[in-house]
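> my questions are about this predicted structure, shown below with the sequence.
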Amino acid sequence: MSTDFTDPHLLDALGTLASRAGAAIMGHYGGAASVKGDGSPVTAADHAAERVILAGLADLLPDVPVLAEEAAAAGLWPVCEGTLVAVDPLDGTREFISQNGEFTVNIGLIAGGRPVAGVVYAPALSRLWIGAAGKAEAMDLPPGASIGDAKDRRTIRTRPLPPAGPVALVSRSHPDAATAAYYSDRGIAEQRAVGSSLKYTLIAEGAADVTARFASITEWDIAAAHAVLVAAGGEMTRPDGLPLAYGRADRQFRTDPFIACSGAYAAAGRR
């Protein structure tokens with residue numbers, strides 16, 4: 001398999017891999033959860049999905065370091081120099097536990113300290129997003145299915161700003177005062193609560209315009225969706241407009257605060 005992270009054949013293979021991880025997740029839907037050392041929840045689904053993804057990456061990208069959430073929780077951090085695969089096998093574990101469907105599988109490909117390609121899969125919604133090299137796609141794909149079985153595969157783009165003003169997405173499980181103040185300062189009236197990396201894919205699809213996070217987050221949480229959003233014409237930057245840096249082993253792969261938005265929102269200077 002080519003090591004070109006924007007190779008469409010590689011991205012399709014990763015889409016199928018995410019679908020198979022989604023099937024592993026759905027096999028544990030409704031199961032019990034435990035608590036990790038950092039206080040966050042974890043389930044058998046998290047571990048099952050990560051096993052599927054790591055096995056697949058060993059075949060597809062055998063020489064690329066992998067940053068994976070549950071491996072990192074066990075103390076297994078990759079050695080890398082700006083090139084790696086960032087894996088969140090189940091983003092939105094709290095949403096998975098509550099069974100609201102708003103959880104995702106995330107595989108982000110990072111080169112030169114930035115996400116250049118990404119695959120995001122929502123197994124409960126049978127929805128897959130892929131983005132790289134200026135092209136983002138969305139499609140319907142049941143858990144466990146090969147990407148060749150995808151339906152309604154189409155190119156997606158962020159939208160113009162609505163006449164009524166931007167629509168903001170807020171975290172369903174992690175609301176914070178700084179984000180609320182950011183929206184208030186910009187007169188953003190309409191806000192919708194959404195879990196996991198679905199926030200960024202919805203902006204990429206043109207269903208919303210902006211989401212902000214002023215607390216640190218881990219690279220595996222956003223790398224894949226960052227790539228999809230940029231490929232769809234959007235942006236994800238620090239609040240001052242500077243790029244987010246990835247591959248930061250020196251800070252255990254924690255990100256800076258960021259604004260994720262449509263191209264139109266950024267062009268209007270709303271940041």
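Thanks, I have the structure now. Please read all numbers here as calculations on a predicted model, not as lab measurements.

> is the spatially most central residue of the chain within a helix or a strand, and which one?
Taking Cα atoms, centre = their mean as the criterion, Ala225 is the residue nearest the geometric centre of the chain, at 3.5 Å. For Ala225, the host element (DSSP states H and E) is helix 219-231.

> so what does the next helix or strand after that helix touch, helix or strand wise?
Note on helix 219-231: by DSSP H and E, the next helix or strand toward the C-terminus is strand 235-237. With contacts defined as 3 or more Cβ pairs under 8 Å, 6 or more residues apart in numbering; DSSP states H and E, the packing partners of strand 235-237 are helix 219-231, strand 258-261. Yep, even glycine has a C-beta here, placed from its N, CA and C like the rest.

> right, and these - which one's nearest Arg251?
helix 219-231 (9.8 Å; Cβ to Cβ).

> mean confidence for that closest one?
Helix 219-231 comes out with an average pLDDT of 98.

> quick check: the residue nearest to the centre of the chain touching Asn106?
Yes. Ala225 is in contact with Asn106 according to Cβ atoms under 8 Å; the separation is 6.6 Å.

> what sits in contact with each of these two?
Common contact partners of Ala225 and Asn106 (Cβ atoms under 8 Å, 6 or more residues apart in numbering): 118, 120, 197.

> let me have those in CSV, adding secondary structure and pLDDT as columns.
CSV is the format used below for the shared contacts of Ala225 and Asn106 (DSSP: H, G, I helix; E, B strand; the rest coil; pLDDT from 0 to 100):
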residue, secondary structure, pLDDT
Gly118, strand, 98
Val120, strand, 98
Ser197, coil, 97
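
> dump those residues into a markdown table; add neighbour count as well.
Converted to a markdown table, the shared contacts of Ala225 and Asn106 look like this (neighbours: other Cβ atoms under 10 Å):
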| residue | neighbour count |
| --- | --- |
| Gly118 | 32 |
| Val120 | 31 |
| Ser197 | 31 |
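
> from those residues, pick the one nearest Ala164.
Of the shared contacts of Ala225 and Asn106, the one sitting nearest to Ala164 (Cβ to Cβ) turns out to be Ser197, at 25.8 Å.

> my read: that closest one touches Phe103, true?
No. Counting by Cβ under 8 Å, Ser197 does not reach Phe103; the two are 9.0 Å apart.

> what sits in contact with each of the two?
91-92.

> in the chain, which ranges drop under the pLDDT threshold?
1-2, 270-271 (pLDDT under 70).

> convert the C-alpha atoms of the longest helix along it to PDB, please.
Using DSSP state H, we find that the single longest helix of the chain is helix 8-26. Taking Å, rounded to 0.1, in the frame of the first residue of the first chain, the C-alpha atoms of helix 8-26 are listed here in PDB:
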ATOM      1  CA  PRO A   8      -7.500   7.500  -2.700                       C
ATOM      2  CA  HIS A   9      -7.000   3.700  -2.500                       C
ATOM      3  CA  LEU A  10      -5.400   4.100   0.900                       C
ATOM      4  CA  LEU A  11      -8.300   6.300   2.100                       C
ATOM      5  CA  ASP A  12     -10.900   3.900   0.800                       C
ATOM      6  CA  ALA A  13      -9.100   1.000   2.600                       C
ATOM      7  CA  LEU A  14      -9.100   3.100   5.800                       C
ATOM      8  CA  GLY A  15     -12.800   3.800   5.300                       C
ATOM      9  CA  THR A  16     -13.500   0.000   5.200                       C
ATOM     10  CA  LEU A  17     -11.300  -0.400   8.300                       C
ATOM     11  CA  ALA A  18     -13.300   2.300  10.200                       C
ATOM     12  CA  SER A  19     -16.500   0.500   9.200                       C
ATOM     13  CA  ARG A  20     -15.200  -2.800  10.600                       C
ATOM     14  CA  ALA A  21     -14.200  -1.000  13.800                       C
ATOM     15  CA  GLY A  22     -17.700   0.400  13.900                       C
ATOM     16  CA  ALA A  23     -19.100  -3.200  13.700                       C
ATOM     17  CA  ALA A  24     -17.000  -4.100  16.700                       C
ATOM     18  CA  ILE A  25     -18.300  -1.100  18.600                       C
ATOM     19  CA  MET A  26     -22.000  -1.900  17.800                       C
END
